[in-house]
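1. I would like the atomic coordinates for the input below:
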Amino acid sequence: MFDNRLKKVYRILSKQAKQQLISCYRLYDRDIPEFPLIVDVYGEEILVTEYRSNHHLSPEEYEDWLKDSMEVIQHVLGRQPEQLHLKERKRKEDRSDQYQKTGEQKEFLHVEEGGLKFLVNLTDYLDTGLFLDHRITRDLVRKEAADKRLLNLFCYTGSFSVYAAAGGAKEVVSVDLSNTYLSWAKENMELNGFLGGQYIFERADVLQYLPTIPDASFDIIVLDPPTFSNSKAMKEIFDVQQDHVSMINTCMSKLKSGGVLYFSTNARKFELETDRIKGAVKEITTATVPFDFKGKLLRWCYEIKAN
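-> Numbers count the residues shown, from 1 in each chain. I've put the predicted structure just below:
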C-alpha cells in the first residue's frame, strides 16, 4: 500500500519539480493513516519525519515497521541508505524554546530554489532551514521588491530576505531573536552574492523592536511569527491568536502608504479578526499553496495593504 502510493506521487511530483526547476519538495505527507510519515526531497537527500501515533504495536513490531518503511522509501526513490535522514517529530510539552537543537552533526547541504541557493540542515534542528510551503509567497515578495525597503520579522534563516534581495530591494532588514539563525541568514545572503550595508541583520525580540521603528519606514513587511512562545529571551509571552491584531496593526503603522504586509501563521484554529485590522485584508492562502502541498497545507496567509 505504501509502496504503491509512494511510486505514484513520486512519478507525478518529481516531474512537476523538474519542470519548475525545484530541487526541494514535499513528496508524501501522512497520505495513508497507517503510515504517519512525511517524506521531503532535498536534492539527492531524503528527509523522513516520523510522527508517533497510537499504532498498538510492541516496540519490536514498531521498529520492524519503521525499518520496512525506510526500505520502501529507499527502493522507490533509488537512494542509498546514507541518503535517508530520519527525524522524529515530537509534540513538545514545553514550547519555550523554538530554536531547540536535536543533534550535533553540523552537516549543511546547498539546495536550489527559484534560481537561488540555500543552506539546509536535515539532522540538527526541528526544521531544516527552508520552509517549503512558502515557496510561492517568497516569489511574490521577489516580484514586489524592486527598489523597495523590506522588513523581515522572525526572519529565521532569511529565505524571504534572499528573495527580496534577488528582486532588487533597496534595503532588507532581517530581525530574529536567535543568533544561530541570524548567522544562517547572513550565510544564505552571502551564498547568493548579496553583500553590503543595505542588508541589515538585527538580533531582537520583535515585540520590543517594532515600537522603535519610525512610522512609514518600509514598503514591504514579512511577518511569520511562531504560534506560541514563552521563551526566556522574550519579555512577554506570545500567542498568535491573542496578539495578532496589535502586532499586525503596529506593522501597518510602519508601512508607507500603499505598502504591503505579508502575514502568515500555521496555527491550525487561527481566525483573523479582520474588522480590527487597519488595512485592506486579502486572504491568499489558496493562491500561495505550492503544487506539492495541495490538500496538505495547514497554514494561513494574508496580504494586507496600507491605506
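2. hang on, His244 packs against Arg276?
-> No - here His244 does not reach Arg276: they are 9.5 Å apart, not a contact under CB atoms under 8 Å. Backbone N, C-alpha and C define where each C-beta goes, glycine included.
3. who has more neighbours, those two?
-> Taking neighbours as other CB atoms under 10 Å, His244 and Arg276 compare with His244 leading, 23 against 11.
4. list the contacts of Ser23.
-> For Ser23, the contact set (CB atoms under 8 Å, 6 or more residues apart in numbering) comprises Ala17, Val41, Tyr42, Gly43, Val111, Glu112, Glu113.
5. so, low pLDDT: which residues of the stretch 1-150 of the chain?
-> Confidence mapping of the stretch 1-150 of the chain against pLDDT under 70 gives the ranges 54, 89-105.
6. before we move on, what about the stretch 201-307 of the chain?
-> Low-confidence segments of the stretch 201-307 of the chain, defined by pLDDT under 70: 230-235.
7. any chance you could map the helices in it?
-> Counting by DSSP state H, counting those that start in this stretch, the segments of the stretch 201-307 of the chain that form helices are 206-209, 240-253.
8. mind putting these into TSV with distance to Ile136?
-> Converted to TSV, the helices of the stretch 201-307 of the chain look like this (distance: least, CB to CB, whole Å):
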stretch	distance to Ile136
helix 206-209	24
helix 240-253	21
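9. rewinding a little: filter the contacts of Ser23 down to the ones in strands?
-> Val41, Tyr42, Val111, Glu112, Glu113 (DSSP state E).
10. in space, what's closest to the second one - neighbours in sequence excluded?
-> What it means is Tyr42. Across the structure, with CB to CB, 6 or more residues apart in numbering as the measure, the residue nearest Tyr42 apart from its sequence neighbours is Cys24 (5.0 Å).
11. would you agree that neighbour is in contact with Ile46?
-> No - in terms of CB under 8 Å, Cys24 does not count as a neighbour of Ile46; the distance is 10.9 Å.
12. show me the domain layout of this protein.
-> Segmentation of the chain into domains, based on automatic domain parsing, reads 2-88, 122-305.
13. span of the shortest one from start to end?
-> By that I understand domain 2-88. Using CA to CA, to the nearest Å, the end-to-end distance of domain 2-88 comes to 19 Å.
14. and it, how far out from the chain's middle?
-> Chain-centre distance of domain 2-88: 20 Å, with CA atoms, centre = their mean, to the nearest Å.
15. now do stretch 250-259
-> Here stretch 250-259 is found 24 Å from its chain centre; the criterion is CA atoms, centre = their mean.
16. gap between the residue nearest the centre of the chain and Met1?
-> Taking CA atoms, centre = their mean, the centroid of the chain lies closest to Phe131, which sits 2.6 Å from it. Taking CB to CB, to the nearest Å as the measure, Phe131 and Met1 are separated by 29 Å.
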